[in-house]
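A.B. asks: below are the sequence and a predicted model; questions follow.
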Amino acid sequence: MKRKLFAATLCASMVAGMIVAPVAVKAESKGLIGVAMPTQDLQRWNQDGENMKKELEAKGYEVDLQYAGNDVATQVAQVENMIANGDQLLVIASIEGDSLGTVLAQAKEANIPVIAYDRLIMNTDAVSYYATFDNYLVGKTQGQFLVDALDLDNQDGPFNIEFVTGDPGDNNVNFFFGGAMDVLQPYIDAGKLVVPSGQMTKEEVATANWATETAQARFENILSSFYADGTNLDAVLASNDSTALGVENALDANYTGEYPIITGQDCDIANMPNIINGKQAMSVFKDTRTLASKVVEMVDAIMQGGEAPVNDTETYDNGTGVIPSYLCEPVAVTVDNYKEMLVDSGYYTEDQLK
Ligand code: BGC
């Protein structure tokens with residue numbers, strides 16, 4: 001799929017009624033790849049975007065990298081522009097899984113392959129592939145961590161637990177929260193785990209945009225309504241680090257009981273001090289370098305006219321059928337293995353974690 005100088009100009013001018021700036025593609029470019037990321041607010045998407053750009057460029061592609069500030073309309077406009085600009089393949093980490101159907105119909109029409117990055121894009125047949133971490137395993141790992149830490153197979157408790165998950169429009173939430181609940185529900189049914197707030201449905205425990213402040217505000221309410229009388233909180237299932245941080249901030253200001261066991265995901269730098277000092281018991285490490293490398297491999301295969309590597313053809317149905325997927329492996333990180341997983345592997349320097 002090598003293309004000549006200014007091929008994109010032609011494509012751009014063919015899009016009816018739209019005035020778009022043509023993107024000049026270098027003569028030797030292997031093609032122009034659009035990479036749409038949700039936001040720069042959270043650490044991981046900056047890493048994902050940078051890794052993708054660096055690796056695609058190293059392979060000879062040009063990269064049109066866009067961040068949408070967690071605003072769905074902005075992301076739709078960015079993807080529209082990518083199509084109009086002649087981007088030849090789109091890699092998209094969606095803000096809301098259900099909001100890209102219309103714009104992606106244009107991509108399909110223009111024969112532009114789409115890879116859903118990390119989050120599945122729902123209810124559109126324009127998605128060719130999905131690359132992510134095993135999201136269900138992320139949730140199960142968090143749930144199992146709590147089972148082991150509370151020794152639920154041997155202790156009767158009852159232990160008090162609360163739940164905090166992410167944005168309800170992010171399809172991953174169904175897998176993170178679903179995986180954790182599949183592990184924890186039997187202990188709730190057995191009366192070993194009790195939820196003093198009673199908040200247990202996905203809607204009740206969701207956090208719009210995965211925002212720390214939103215999780216914190218909800219948790220402050222929970223603490224003042226259900227724990228102000230000295231009731232002990234034993235565990236918090238938080239689906240990721242930005243929401244775990246909200247829980248930790250709320251506890252710092254409003255709770256004097258024994259500190260609960262808290263889960264997380266991403267190993268964000270902001271959470272690492274709390275993991276190292278024991279405030280956050282674990283995080284699930286998803287090495288964004290691995291995901292980016294895999295997606296670059298997929299892009300390259302598709303651009304050469306081949307099939308992308310996949311390792312799962314059963315799990316991720318986006319409403320139009322199962323999307324062939326590549327699932328990378330998540331790993332639990334605690335104070336005991338963070339050095340090996342994060343520092344020795346070169347993900348962070350020792351200094352970054354101070
Ligand atoms: C990602 C998580 C991330 C969350 C918030 C999810 O879709 O899989 O790694 O913590 O979004 O950005």
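C.D. replies: Nice, thanks for sending it over. Residues are numbered from 1 along each chain as shown.

A.B. asks: so what's the closest residue to the ligand within the chain up against?
C.D. replies: Residue of the chain nearest the ligand, by CB to the nearest ligand atom: Asn240 (3.5 Å). For the C-beta atoms, the positions are set from N, CA and C on the backbone; glycine is no exception. By CB atoms under 8 Å, 6 or more residues apart in numbering, the contact set of Asn240 is 166, 176, 210, 264-266.

A.B. asks: quick one: Thr124 is in a strand?
C.D. replies: No: when DSSP: H, G, I helix; E, B strand; the rest coil is applied, Thr124 is found to be coil, with no strand at that position.

A.B. asks: neighbours of it, how many?
C.D. replies: Around Thr124 there are 22 other residues, counting by other CB atoms under 10 Å.

A.B. asks: tell me the spacing between it and Asn209.
C.D. replies: Remark: distance between Thr124 and Asn209 (CB to CB, to the nearest Å) = 22 Å.

A.B. asks: quick one: the strands in the stretch 101-250 of the chain, in order.
C.D. replies: 114-117, 129-133, 159-164, 193-194, 235-238 (DSSP state E, counting those that start in this stretch).

A.B. asks: mind putting those strands into CSV with distance to the ligand?
C.D. replies: Below are the strands of the stretch 101-250 of the chain laid out as CSV (distance: least, CB to the nearest ligand atom, whole Å):
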stretch, distance to the ligand
strand 114-117, 10
strand 129-133, 7
strand 159-164, 12
strand 193-194, 24
strand 235-238, 10
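
A.B. asks: tell me which of the ones you listed lies nearest to Lys53.
C.D. replies: strand 114-117 (12.8 Å; CB to CB).

A.B. asks: and the closest one, which strands flank it?
C.D. replies: Neighbouring strands of strand 114-117 in its sheet, by DSSP bridges, are strand 89-92 (parallel), strand 129-133 (parallel).

A.B. asks: most tightly surrounded among those strands?
C.D. replies: Among those, strand 89-92 has the highest mean neighbour count (mean count of other CB atoms under 10 Å), at a mean of 27.

A.B. asks: that one near the ligand at all?
C.D. replies: No: Strand 89-92 is not in contact with the ligand by CB under 6 Å from any ligand atom; minimum separation 12.4 Å.

A.B. asks: need the contact partners of that strand.
C.D. replies: 31, 33-36, 52, 75, 79, 82-83, 100, 107, 112-117, 121, 295, 299, 302-303.

A.B. asks: OK, contacts around Asp48?
C.D. replies: Asp48 neighbours (CB under 8 Å, 6+ apart): 37, 93, 117-118, 288, 291-292.

A.B. asks: can you pick the most crowded of those?
C.D. replies: Ranked by the number of neighbours (other CB under 10 Å), the contacts of Asp48 place Tyr117 first, at 28 neighbours.

A.B. asks: show me the beta-bridge partners of that residue.
C.D. replies: Tyr117 has the following beta-bridge partners by DSSP bridges: Ala131.

A.B. asks: that one against Lys294, yeah?
C.D. replies: No: if you go by CB atoms under 8 Å, Tyr117 and Lys294 don't touch, sitting 10.2 Å apart.

A.B. asks: shared neighbours of these two, anything?
C.D. replies: Residues touching both Tyr117 and Lys294 (CB under 8 Å, 6+ apart) are Ala131.

A.B. asks: show me which residues of the chain are close to the ligand?
C.D. replies: Proximity of the chain to the ligand, by CB under 6 Å from any ligand atom, involves residues 42, 44, 118-119, 166, 170, 172, 210, 240, 265-266, 286.

A.B. asks: rerun at 8 Å
C.D. replies: By CB under 8 Å from any ligand atom, the residues of the chain that approach the ligand are 38-39, 42, 44-45, 93, 118-119, 132-133, 135, 138, 166-167, 170, 172-173, 176, 210, 239-242, 265-266, 268, 286.

A.B. asks: in the helix ranked longest in the chain, which residues are buried?
C.D. replies: Taking DSSP state H as the criterion, the chain has its longest helix at helix 171-189. Using 16 or more other CB atoms under 10 Å as the test for burial, helix 171-189 gives 171-181, 183-184, 187.

A.B. asks: and what of stretch 44-58?
C.D. replies: 44-45, 47-49, 51-53, 55-56.

A.B. asks: what's the offset of that stretch from the middle of its chain?
C.D. replies: Mean C-alpha position of stretch 44-58 versus that of the full chain (CA atoms, centre = their mean, to the nearest Å) differs by 15 Å.
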